[in-house]
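Chemist: sequence-free structure coming up:
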């Protein structure tokens, strides 16, 4: 749940209470200026909050009441029972919606899980890879306690399996470390998968991209390394059958990128020659519930 | 040293959003929920910029601004006054009272960043 929305719910609940109390009092003493000012301010604050919490429908409801209250305050209207009842109805509507948002928020809280659930399977996968590839691989994880929307666990799990296998296959040489780290950055979950292997070879990637007709030699003139590295996410850049022909990478990285983009996120890769490479994935936390991320199957090596 | 931004608004939602944006722009943020508390904060130390709500209990934005400008060095803080469409008519009054810029609610990071740039707070 977005922090601003949570703050909006808390603040609105407080102002709804003020509104309910003071509207009843104003019905009894319609000329009380201070009551009217309190009511106006409460409605005004709720309206402003709706704008920030991106609730345009509710903002319009609050706006209509605010307008009436302002007209009463400025003497253009009277605090008639009709006018006050209009405002009261708006308050009931606002209250209903805020309560619905609150219960949604509550449910989302229950549906939080530690991000480490997404890599529960990884130690076994790494163990298996060590045997299969005859390499010594250490796995490090950081930030596993971070609570995230449980809808994301499946997506992150699939991404991790691809990237860890990719790091084991192509990054790590005889021995090395794969590290996974998760953190929250605003409304996004940031996941890093790094290895301390040989890094990406810009030359090999250029060569491969030309062979595969993804680029011409001249495209690379004055291209920054990071843009050259991005070719590893191109569909058809490299296939499983050819993984060992060059020092680059590319097993299914296009499918990783597609899955991440479908989830509204992004992936980038950084590399230091002979010092390894790091994939950074950013995914918005509030993936619409029930949205499956197609295009990827978890393949356990 | 970090520049200081005083956020004055009776809404916690608005303060939270503004704080997040100003902090991202590298500002040290102080919050005040009304004009009175904002003025007390200014008496202790003057911020470099004030994001000021107009309609507040205890002391309104206009009263605060007037008192601020009468403090010693009170013309130092840039004041961005913050309004909704309903109070847009108060714009003239606010500029006359010494506001440097105004923004409409709901604002976002782009708006604040561009206003900060216009009044020379950031490059």
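Modeler: Thanks, I have it. Remember, predicted model here, so these are calculated numbers, not experimental data.
Chemist: And the residue in the stretch 1-150 of chain A that chain B sits nearest to, how close does it get to residue B:104?
Modeler: Nearest residue of the stretch 1-150 of chain A to chain B: residue A:51, at 3.3 Å (CB to the nearest CB). Any C-beta I mention is one placed from the backbone N, CA and C, and that applies to glycine too. Distance of residue A:51 to residue B:104, given as CB to CB, to the nearest Å: 9 Å.
Chemist: and what of residue A:82?
Modeler: Taking CB to CB, one finds residue A:82 at 31 Å from residue B:104.
Chemist: Name the residue in these two with the higher neighbour count.
Modeler: residue B:104 (13 against 10; other CB atoms under 10 Å in any protein chain shown).
Chemist: Correct me if wrong: the more buried one contacts residue B:84.
Modeler: Yes: judged on CB atoms under 8 Å, residue B:104 makes contact with residue B:84 at a distance of 6.8 Å.
Chemist: mind listing what residue 25 touches?
Modeler: In the absence of a named chain, this looks at chain A. A:32, A:35 (CB atoms under 8 Å, 6 or more residues apart in numbering or on different chains).
Chemist: wait, chain B
Modeler: Neighbouring residues of residue B:25 by CB under 8 Å, 6+ apart: B:109, B:112, B:113, B:116, B:122.
Chemist: overlap in contacts of residue A:51 and residue B:104?
Modeler: Common neighbours of residue A:51 and residue B:104 (CB under 8 Å, 6+ apart) are residue B:84.
Chemist: Around chain B, which positions in chain A sit nearby?
Modeler: A:3-4, A:7-8, A:10-11, A:41, A:44-45, A:47-49, A:51-53, A:66-67, A:70 (CB under 8 Å from any CB of the partner chain).
Chemist: repeat that for 7 Å
Modeler: A:3-4, A:7-8, A:11, A:41, A:44-45, A:47-49, A:51-53, A:66, A:70 (CB under 7 Å from any CB of the partner chain).
Chemist: From the contact counts, what lies against the lengthiest strand in chain A?
Modeler: For chain A, the strand with the greatest residue count under DSSP state E is strand A:175-185. Counting contacts by 3 or more CB pairs under 7 Å, 6 or more residues apart in numbering or on different chains; DSSP states H and E, strand A:175-185 is packed against strand A:136-142, strand A:188-195.
Chemist: Could I get the average pLDDT for it?
Modeler: Strand A:175-185 comes out with an average pLDDT of 93.
Chemist: list the buried ones in it?
Modeler: Residues A:176, A:177, A:178, A:179, A:180, A:181, A:182 are the ones in strand A:175-185 that count as buried (16 or more other CB atoms under 10 Å in any protein chain shown).
Chemist: which residue sits closest to residue A:254 in space, ignoring its chain neighbours?
Modeler: residue A:235 (4.2 Å; CB to CB, 6 or more residues apart in numbering or on different chains).
Chemist: ditto for residue B:95
Modeler: In space, residue B:95 is closest to residue B:102, 7.6 Å off (CB to CB, 6+ apart).
Chemist: and that neighbour, backbone torsions?
Modeler: phi -140, psi 150 (degrees, to the nearest 10).
Chemist: hey, what's it bridged with?
Modeler: Per DSSP bridges, residues listed as beta-bridge partners of residue B:102: residue B:81.
Chemist: Tell me where the chain is predicted with low confidence.
Modeler: Reading this off chain A. For chain A, the stretches with pLDDT under 70 are A:1, A:108-110, A:238-252, A:287-301.
Chemist: nope, chain B
Modeler: B:85-89.
Chemist: Alongside chain A, which residues does it contribute?
Modeler: B:10-14, B:16-17, B:55, B:57, B:84, B:86, B:105-106.
Chemist: can those go into a markdown table with extra columns for distance to residue A:76, secondary structure and neighbour count?
Modeler: Formatted as a markdown table, the residues of chain B next to chain A follow (distance: CB to CB, whole Å; DSSP: H, G, I helix; E, B strand; the rest coil; neighbours: other CB atoms under 10 Å in any protein chain shown):
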| residue | distance to residue A:76 | secondary structure | neighbour count |
| --- | --- | --- | --- |
| B:10 | 25 | coil | 21 |
| B:11 | 26 | coil | 26 |
| B:12 | 31 | helix | 18 |
| B:13 | 29 | helix | 28 |
| B:14 | 27 | helix | 27 |
| B:16 | 34 | helix | 20 |
| B:17 | 32 | helix | 28 |
| B:55 | 18 | coil | 21 |
| B:57 | 23 | coil | 13 |
| B:84 | 19 | coil | 19 |
| B:86 | 13 | helix | 14 |
| B:105 | 23 | coil | 22 |
| B:106 | 27 | coil | 21 |
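Chemist: Which pair of those spans the longest distance?
Modeler: Pairwise distances across the residues of chain B next to chain A (CB to CB) peak at 22.1 Å, for the pair B:16 and B:86.
Chemist: roughly how far apart are the residue nearest to residue B:8 when sequence neighbours are not counted and residue B:96?
Modeler: Nearest non-adjacent residue to residue B:8, counting by CB to CB, 6+ apart: residue B:38, 4.2 Å away. Between residue B:38 and residue B:96 the computed distance is 20 Å (CB to CB).
Chemist: check contacts around the residue most central in space within chain B.
Modeler: With distances taken as CA atoms, centre = their mean, residue B:51 lies nearest the centre of chain B, 1.7 Å away. Contact analysis of residue B:51 by CB atoms under 7 Å, 6 or more residues apart in numbering or on different chains lists B:5, B:7, B:8, B:18, B:80, B:82.
Chemist: What about those, which one has the most neighbours?
Modeler: residue B:8 (32 neighbours).
Chemist: Can you pull the phi/psi pair for that residue?
Modeler: According to degrees, to the nearest 10, residue B:8 has phi -120, psi 110.
Chemist: Tell me which stretches of the stretch 1-150 of chain A form strands.
Modeler: In the stretch 1-150 of chain A, the strands defined using DSSP state E, counting those that start in this stretch lie at A:112-114, A:136-142, A:147-149.
Chemist: my bad, should have said chain B
Modeler: B:4-8, B:28-32, B:49-53, B:78-83, B:101-104.
Chemist: Show me what residue of chain B gets nearest to chain A.
Modeler: Counting by CB to the nearest CB, chain B gets nearest to chain A through residue B:106 (3.3 Å).
Chemist: Name all residues that make contact with that residue.
Modeler: A:51, A:52.
Chemist: switch to 8 Å and redo it
Modeler: A:48, A:51, A:52, B:17.
Chemist: separation between residue A:153 and residue A:285?
Modeler: Residue A:153 is 12 Å from residue A:285, by CB to CB.
Chemist: wait, I meant residue A:80
Modeler: Distance from residue A:80 to residue A:285, by CB to CB: 47 Å.
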